[in-house]
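Colleague: Next come a sequence and a model predicted from it.
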Amino acid sequence: MENMTFVLFGATGDLAKRKIYPALYNLYLDGKLPQSISVIGLGRTPLSSEDLQAQIHEALNEFSRRDVLRDNVQDFLNKFRYFIFDAMKEESYENLRAFMEEREAELGIPDNRLFYLSVAPRLIDNIVKQLDASGISRTGGWRRLIVEKPFGTDLASARELNASLKEVFVEEEIYRIDHYLGKPMVQNIESLIRPNPILQALWDHKQISNVQITASETVGVGSRASYYDKAGAIRDMVQNHLLQLVMMTAVHHERKLTSDQIEQKKREIMESINPVSDEDLQNNIIRGQYQAGVVSGKAVKGYQDEDGVEDDSTNDTFFAAKLCINNEHWSGIPFYIRTGKRMDQKSTRIVIEFKQDSDAEKDVGIVSNLLVIEINPNESVSLRVNVADHSSEKFEPTYIGFSKHPGHQPEAYERLLYDGMIGDSTFFAHWHEVELSWEWVQPILDAFANDEAPLHTYPAGSTGPDASHELIERDGFEWN
Ligand SMILES: NC(=O)C1=CN([C@@H]2O[C@H](COP(=O)(O)OP(=O)(O)OC[C@H]3O[C@@H](n4cnc5c(N)ncnc54)[C@H](OP(=O)(O)O)[C@@H]3O)[C@@H](O)[C@H]2O)C=CC1
Ligand SMILES: O=C1O[C@H](COP(=O)(O)O)[C@@H](O)[C@H](O)[C@H]1O
């Protein structure tokens, strides 16, 4: 890997502490950082480099998946410098350029520069313009830009944001983070199907009856009401993570695909998803909001009573939909997606349900085969099969599969940061996917904004509103 400067905008922020520093440390432990790297943390808070290093050390103690090793942590921390920086002030950039160049000279490294924007979206336009104007992004080496979510708040703002990034960077240099794409089991979908002809042969509408994608959470809005009450589940989870899971599930891997081919296939899938019609808005889209209830044995407030949430908020904390991909492989197969906060369990999973011809044998316990890909918090793949129980002359559903142990393998941010450093954008969200995802959700955003869709409530700690069960039961299935 080439030596580089890693410029972290938002070095004093929550994401840096919880995800970025632990990811960098674990890459360091695995020998996956460049031999020589200058990491420059930026923020307005007046800190010295030693202060930042102390904060990072603390963050590692709290959030690293592996123990912090006394004998090497200082070597890791020495790579960091802090620079007091206000993204809205022009002079900050001139000073940053000098600081960065000085450090590059001190370490004898080329001007390969990776800019990580872990800051509020409202700052991004100015940062990118100033990086260009100050010459910071005009490097003799390579330059890359990692952008955090949310990428816009609707189709128009996403296009605007993209246009301002494109004034300075080309698509190949822009890495839009969607941390679900960094999750090991999501990255493993291809390696699960392609080398296994038995699964490849099953991966289409002839064998599959429906696909279900769930991302349920037990947490509520927490301290993020100012953002979440405007975003809702649709912007927070659906436009990005859930639609990415749809694309990753629906891609066909007849052979090993290059990054560009995967990008093209994902784009084709998004283009093949039926646009949301008025009929869908009435029947196939479910908006929900949690009420008071009990989660993991603890009484919790309803959404409207959460700190920072408007009293009469109609914001969606739950979303479910049925969508169809109109291509040769998936035509006629419903994809059901759902996500919600304050549900009964934390679970992100993809369930592929296979067709079952033996309706007549339901009374002896025969059920459809399922392929269950558990993404989070457990990482496993299992296949539900019917096994005869000779004593009762009935069949028992039995799961065969394997599990991985989270904590023993690199987490999403480690994988994505590493990919960003080596210049592999396979598991980042490319512009066309992002734009097409916004195009798909835009009619839903409009309907929610105009209160044209019913708001179903559900008790915290439940499996979501009844309407989301009716959505799937109408087609003769149930959420697995
Ligand atoms: N936290 C999370 O779990 C997730 C966050 N994200 C995204 O990551 C980004 C960062 O989030 P998060 O860390 O939570 O946010 P925080 O509010 O915790 O941190 C914001 C950071 O931005 C810096 N900042 C704010 N204004 C300026 C400015 N004018 N000039 C320079 N720096 C500035 C702050 O530094 P200072 O105050 O020192 O200036 C701070 O380091 C956001 O886009 C968010 O949507 C995405 C997924 C999850
Ligand atoms: O991006 C986000 O994701 C988290 C859920 O992520 P997970 O890795 O724990 O499944 C969600 O809580 C948050 O609201 C959202 O912004």
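Modeller: Done, it's in. Ligands and ions are numbered 1, 2, ... in the order given.
Colleague: Which residue does this structure have closest to ligand 1?
Modeller: Residue nearest to ligand 1 within the chain (CB to the nearest ligand atom): Gly13, separated by 2.5 Å. (Glycine included, C-beta is placed from N, CA and C.)
Colleague: hang on, that residue packs against Gly41?
Modeller: No - applying CB atoms under 8 Å, one finds Gly13 not in contact with Gly41, separated by 9.9 Å.
Colleague: So Gly288 lies in a strand, does it not?
Modeller: Yes - if the criterion is DSSP: H, G, I helix; E, B strand; the rest coil, then Gly288 is within a strand.
Colleague: and the residue nearest to it when sequence neighbours are not counted, how many neighbours does it have?
Modeller: Nearest non-adjacent residue to Gly288, counting by CB to CB, 6 or more residues apart in numbering: Phe318, 3.1 Å away. Counted with other CB atoms under 10 Å, the neighbours of Phe318 add up to 30.
Colleague: pLDDT score for Phe318?
Modeller: With respect to pLDDT, Phe318 has a value of 98.
Colleague: Distance of the spatially most central residue of the chain relative to Ala105?
Modeller: When the chain is reduced to its mean C-alpha position, the closest residue under CA atoms, centre = their mean turns out to be Tyr180, at 3.0 Å. According to CB to CB, to the nearest Å, Tyr180 and Ala105 sit 39 Å apart.
Colleague: same check, this time on Gln200
Modeller: 53 Å.
Colleague: Which one's more surrounded, those two?
Modeller: More crowded of Gln200 and Ala105, by other CB under 10 Å: Gln200, with 14 against 9.
Colleague: element containing that one?
Modeller: In this structure, Gln200 sits in helix 197-202 according to DSSP states H and E.
Colleague: Over that helix, what's the mean pLDDT, rounded is fine.
Modeller: Mean pLDDT, helix 197-202: 84.
Colleague: What residues sit buried inside that helix?
Modeller: Buried residues in helix 197-202, counted by 16 or more other CB atoms under 10 Å: 199, 202.
Colleague: helices or strands next to that helix in the packing?
Modeller: Other helices and strands packing on helix 197-202, by 3 or more CB pairs under 8 Å, 6 or more residues apart in numbering; DSSP states H and E, are helix 184-193.
Colleague: change it to 10 Å
Modeller: Helix 197-202 is packed against helix 184-193, strand 347-354, with contacts defined by 3 or more CB pairs under 10 Å, 6 or more residues apart in numbering; DSSP states H and E.
Colleague: Let me have the ones you listed in JSON lines, extended by mean neighbour count, distance to Tyr82 and mean pLDDT.
Modeller: Converted to JSON lines, these look like this (neighbours: other CB atoms under 10 Å; distance: least, CB to CB, whole Å; pLDDT from 0 to 100):
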{"stretch": "helix 184-193", "mean neighbour count": "17", "distance to Tyr82": "32", "mean pLDDT": "89"}
{"stretch": "strand 347-354", "mean neighbour count": "20", "distance to Tyr82": "35", "mean pLDDT": "96"}
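Colleague: Now do the same for the residue nearest to the centre of the chain: its pLDDT.
Modeller: 97.
Colleague: If we ignore the residues flanking it in sequence, what's nearest it?
Modeller: His241 (4.2 Å).
Colleague: Sketch out the low-pLDDT regions of this protein for me.
Modeller: 358-360, 405-407 (pLDDT under 70).
Colleague: re the thing from before, show me what the residue nearest to Gly288 bridges to in the sheet.
Modeller: Per DSSP bridges, the residues bridged to Phe318 are Gly288, Gly340.
Colleague: Now do the contacts for it.
Modeller: For Phe318, the contact set (CB atoms under 10 Å, 6 or more residues apart in numbering) comprises 216, 232-233, 237, 286-290, 303, 338-343, 455-458, 462-465, 467-468.
Colleague: could you redo the last one with a cut-off of 7 Å?
Modeller: Contact analysis of Phe318 by CB atoms under 7 Å, 6 or more residues apart in numbering lists 233, 288-290, 340, 458, 464-465.
Colleague: want to throw those residues into TSV with distance to Met1?
Modeller: Below are the contacts of Phe318 laid out as TSV (distance: CB to CB, whole Å):
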residue	distance to Met1
Ala233	38
Gly288	45
Gln289	46
Tyr290	45
Gly340	40
Tyr458	47
Gly464	44
Pro465	48
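Colleague: For the residues you listed, I'd like a selection string for PyMOL - just the buried members, please.
Modeller: The buried residues among the contacts of Phe318 can be selected in PyMOL (16+ other CB under 10 Å) with this line:
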select buried, resi 233+288+289+290+340+458+464+465
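Colleague: For Met421, state which of the contacts of Phe318 is nearest.
Modeller: Proximity of the contacts of Phe318 to Met421, judged by CB to CB, is greatest for Ala233, which lies at 32.1 Å.
Colleague: what about the closest one, is that helix, strand or coil?
Modeller: Reduced to three states by three-state DSSP, Ala233 is helix.
Colleague: quick one on the thing from earlier: with distance to ligand 2 added, can I get the contacts of Phe318 in CSV?
Modeller: Output for these, formatted as CSV (distance: CB to the nearest ligand atom, whole Å):
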residue, distance to ligand 2
Ala233, 8
Gly288, 15
Gln289, 15
Tyr290, 14
Gly340, 11
Tyr458, 17
Gly464, 16
Pro465, 19
